[in-house]
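Enquirer: Could you look at this predicted model? Sequence included:
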Amino acid sequence: MRILIVEDEPRLAANLARSLREASGYAVDIAPDGEQGSELGAQNEYDLIVLDLMLPKLPGDQVLRQLRAAEVRTPVLILTARDDKETAVAMLNAGADDYVAKPFDLGEFMARAKALIRRGKGQATPLLRLADLEINTLERRVSRGGREIVLTPMEYRVLEYMAHRPRVVVSKSELLEHLYDFNWEKFSNVIEVYISGLRRKLDDGQDPKLIHTLRGHGYSLREQA
Ligand code: CA
C-alpha cells in the first residue's frame, strides 16, 4: 500500500505519515505543496491520497480537479477546516471520497483512511480480530465469542485504537493524545476508567484475558499475559 499526503504543515504531515506507517506498514510520500501533490498523484499508483485544501502554489480543490481530469481514480480524503462544511460538500461533488475536519483525532483519520483504502480495493471487510474478539469498525460493534458487547463511545475508541496495534504496548499519554484534540492532560485519570470498563466487559469470566496492564508503561491488547 502506498499513500500520498499533500499537506504543507510539516508537523501534521509527519504525524499522519508516522501513524499510517506504524499502524499498518503503509508506504507514505509527502508533498508539501499543491503542485508537487498534483505531479506525484498523477505519476504514481497510490492507494489513497490525503489532500489538504489550503496549500501553497496550487490549492487543494485544483489539485483534485487536475487529478480527476487526468483520470486518476485513487480515493481522495480531504482535510478541511472544521467550520467549512460547504467546501467539504463541494469537494465531494468534485470527486473527493470523504473528508475529515481539522482538528481531528488520529483514530478517526485512520478509520476513514482505511475505509477508503478498502473501498478502493473492493474489500468490504472492516473487521479487526484478536482471538475470539471481533470489532466491526464501520458499524462500531464489538463481540467476543459471538456475544455482542455494548461499550460507551469512549471505551470503543480506546479499544479500536488498541486493536489497530495488537500486542503493542500503548502508553496512557499516547491514548490520551489520540482521544482528545487538545488539553488532553486534564483527562489523564479517565484512561484507567475506560480500561477497567473494557476489562470488565471483555475479559470478566473469559479466557484468555485480552487487556493487559504493564505497570508504568501502558496497556496492551493481546492473547498472552
Ligand atoms: Ca494547509
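Expert: That came through fine.
Enquirer: elements contacting the strand or helix carrying residue 68?
Expert: For residue 68, the enclosing helix or strand under DSSP states H and E is helix 60-69. If contacts are counted by 3 or more C-beta pairs under 8 Å, 6 or more residues apart in numbering; DSSP states H and E, helix 60-69 sits against helix 34-43, strand 48-52, strand 76-81, helix 85-93. Glycine gets a C-beta too; all of them are placed from N, C-alpha and C.
Enquirer: Can you report how many residues lie near the residue in the chain positioned nearest to the ion?
Expert: Relative to the ion, the nearest point of the chain is residue 54 (3.9 Å; C-beta to the ion). By other C-beta atoms under 10 Å, 15 other residues sit near residue 54.
Enquirer: Could you identify the helix or strand that succeeds the helix or strand bottoming out on mean pLDDT in the chain?
Expert: The helix or strand of the chain with the lowest confidence, counting by mean pLDDT, DSSP states H and E, is helix 172-179 at a mean of 76. Sequence-wise, the next helix or strand downstream of helix 172-179 (DSSP H and E) is helix 190-198.
Enquirer: Residue numbers of this protein in contact with the ion?
Expert: Contacts of the chain with the ion, taken as C-beta under 5 Å from the ion, map to 8, 52, 54.
Enquirer: Using a markdown table, lay out these together with distance to residue 120.
Expert: Putting the residues of the chain next to the ion into a markdown table (distance: C-beta to C-beta, whole Å) gives the following:
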| residue | distance to residue 120 |
| --- | --- |
| 8 | 25 |
| 52 | 20 |
| 54 | 25 |
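Enquirer: Residue 130 contacts residue 212, doesn't it?
Expert: No. Residue 130 is beyond contact range of residue 212, at 11.9 Å (criterion: C-beta atoms under 8 Å).
Enquirer: list residues touching both of the two?
Expert: Common neighbours of residue 130 and residue 212, counting by C-beta atoms under 8 Å, 6 or more residues apart in numbering, are 221, 222.
Enquirer: got any ranges where this structure has weak pLDDT?
Expert: 82-83, 121-125, 177-188, 225 (pLDDT under 70).
Enquirer: domain parsing for the protein?
Expert: Here the domain parsing of the chain from automatic domain parsing is 2-120, 127-221.
Enquirer: just how off-centre is the longest one within its chain?
Expert: In this view, domain 2-120 has its centroid 13 Å away from the chain centroid, taken as C-alpha atoms, centre = their mean, to the nearest Å.
Enquirer: Contacts only, for the residue positioned nearest the centre of the chain.
Expert: For the chain, the residue nearest the mean C-alpha position is residue 110 (1.0 Å; C-alpha atoms, centre = their mean). Contacts for residue 110 (C-beta under 8 Å, 6+ apart) come out as 19, 20, 23, 164.
Enquirer: Is it within a helix or a strand, and which one?
Expert: Assigned by DSSP H and E, residue 110 falls in helix 106-120.
Enquirer: gap between the two ends of stretch 87-98?
Expert: End-to-end distance of stretch 87-98 (C-alpha to C-alpha, to the nearest Å): 12 Å.
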